[in-house]
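> A structural model of the following input is requested.
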Amino acid sequence: MNDPDRADESPSEAGDILADLDVDPALAAAVLEIESHVAGEGWDRPARLYALVDTARLVESEPALAAAMGLDASSARGSLTPVEQDQLAPDQPLEQVLESIVWPAGVAGCAAVVERLVLPPNADGHLPEDPTEAEEFAREHPDRQDVRIVAGATRHGSTYCALRLRAHDDDQSVVGGADLVPGLLALLGATLEDDMHESSEENPE
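From the prediction side, this is the model:
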């Protein structure tokens with residue numbers, strides 16, 4: 001998160017990064033689809049949450065909806081369709097929301113979109129301990145970078161992220177990778193692990 005220079009990579013270099021990573025192509029495609037969609041709406045937007053549904057299952061179970069979305073059986077094979085959830089409350093941090101979510105079994109994965117301020121590594125030692133003061137410090141730092149993060153995870157443990165810097169706001173500068181925001185990915189993955197949730201319901205104390 002503290003390496004904004006990665007956004008200066010050329011398109012061919014970004015492609016090399018993707019080729020070197022062992023990523024789930026369906027998840028990567030879904031994350032990049034979301035990134036492209038939200039990029040068209042501009043910056044300073046609230047966090048967003050998506051369920052990722054197996055497209056073939058969606059075509060089979062919801063044919064009318066699939067048809068309205070332009071999906072068919074041939075295009076469905078091996079892909080995931082993002083389904084945006086209700087807008088999050090503006091006063092509730094995304095991380096807090098994710099801690100309270102357990103997705104139903106029909107959801108193959110999930111993705112989140114969030115904007116963050118990123119500071120250079122040499123600013124870490126000057127961050128105030130108080131969260132409110134730290135946020136104000138970040139907003140006023142002359143070398144801050146606005147970054148939009150789209151992160152996704154599946155029940156099979158695959159992860160993928162796409163990052164776009166406001167200072168390099170073009171499709172060629174979007175950086176992709178499997179583990180660029182490990183903290184957020186861990187929270188997303190936890191929402192897909194329902195064993196503990198089911199166990200606690202079966203054996204209440």
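> For the protein, give me the ranges with low pLDDT.
Counting by pLDDT under 70, the chain contains low-confidence residues at 1-21, 60-61, 63, 65-77, 119-143, 194-205.
> Which parts of it are strands?
Assigned by DSSP state E, the chain shows strands spanning 48-54, 80-84, 109-118, 145-154, 159-165, 175-177.
> ranking those by burial, who's on top?
Looking across these with neighbours counted as mean count of other C-beta atoms under 10 Å, the highest average goes to strand 159-165: a mean of 24. To be clear about C-beta, it is placed using only N, CA and C from the backbone, and glycine gets the same treatment.
> so what secondary structure elements neighbour it?
helix 25-39, strand 145-154, strand 175-177, helix 182-190 (3 or more C-beta pairs under 8 Å, 6 or more residues apart in numbering; DSSP states H and E).
> which one of the strands of the chain lies closest to Glu33?
Nearest to Glu33 among the strands of the chain is strand 80-84; the distance by C-beta to C-beta comes to 6.4 Å.
> And for that closest one, what's in contact with it?
Residues from elsewhere that reach strand 80-84, judged by C-beta atoms under 8 Å, 6 or more residues apart in numbering: 26-27, 29-30, 33-34, 48-55, 58, 69, 71, 108-109, 111, 154.
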